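Peer 1: structure of the sequence below:
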Amino acid sequence: QVQLVESGGGLVQSGGSLRLSCAASGFTLDHYGIGWFRQAPGKEREGVSCISDNDGSIYYAESVKGRFTISGDNAKNTLYLQMNSLKPEDTAVYYCAAVRTYRHCDYEGMEFWGEGTLVTVSS
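Peer 2: Predicted structure coming up:
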């Protein structure tokens, strides 16, 4: 049974940093396309960053390039999202998601989802 559990969210001041973790079970992390998505109040869920299992390529949304870094620890079967220089517009619930056949970092294409962790950035 595939399970994804996020942690690491919280309240941080603008310019601060957080590291999100996603513990995966029921599958091997590097055999799936996997990534981070977020949903702010009143907005659609959007892809933040994803890793393709096909070629290891990494996608970042334009809004987070240079500030966020995605990484995985295969030994721990855990995905991370290091978020630096946080802005109030980064406030959202952040979700970890996985898919067996990865094509794009698009929420409609993902199969398995965690429950999410809330990130709040104060100005």
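Peer 1: pick out the residue nearest the middle of the protein.
Peer 2: Trp36 (1.8 Å; C-alpha atoms, centre = their mean).
Peer 1: chain center to stretch 105-123, what's the gap?
Peer 2: Relative to the centre of its chain, stretch 105-123 is centred 6 Å away, using C-alpha atoms, centre = their mean, to the nearest Å.
Peer 1: for it, buried residues please.
Peer 2: 105-107, 110, 112-114, 116-117, 119, 121 (16 or more other C-beta atoms under 10 Å). All C-beta spots, glycine's among them, are computed from the backbone N, C-alpha and C.
Peer 1: now stretch 91-107
Peer 2: 91-99, 102, 105-107.
Peer 1: go on, stretch 78-91?
Peer 2: Applying 16+ other C-beta under 10 Å to stretch 78-91 flags 78-81, 83, 86, 90-91 as buried.
Peer 1: re the thing from before, so how far is Gly109 from the residue nearest to the centre of the chain?
Peer 2: In this view, Trp36 and Gly109 are 14 Å apart by C-beta to C-beta, to the nearest Å.
Peer 1: how about Thr78?
Peer 2: For Thr78, the distance to Gly109 (C-beta to C-beta) stands at 22 Å.
Peer 1: circling back to that earlier point, among the buried residues of stretch 78-91, which one sits closest to Tyr60?
Peer 2: Leu81 (10.4 Å; C-beta to C-beta).
Peer 1: leaving out the residues flanking it, which one is nearest to Val119?
Peer 2: With sequence-adjacent residues excluded and distances taken as C-beta to C-beta, 6 or more residues apart in numbering, Val119 is closest to Gly9, at 4.7 Å.
Peer 1: next up, phi/psi of the one you found, please.
Peer 2: phi -70, psi 170 (degrees, to the nearest 10).
Peer 1: got it, and His31?
Peer 2: phi -100, psi 0.
Peer 1: all good on my end, thank you.
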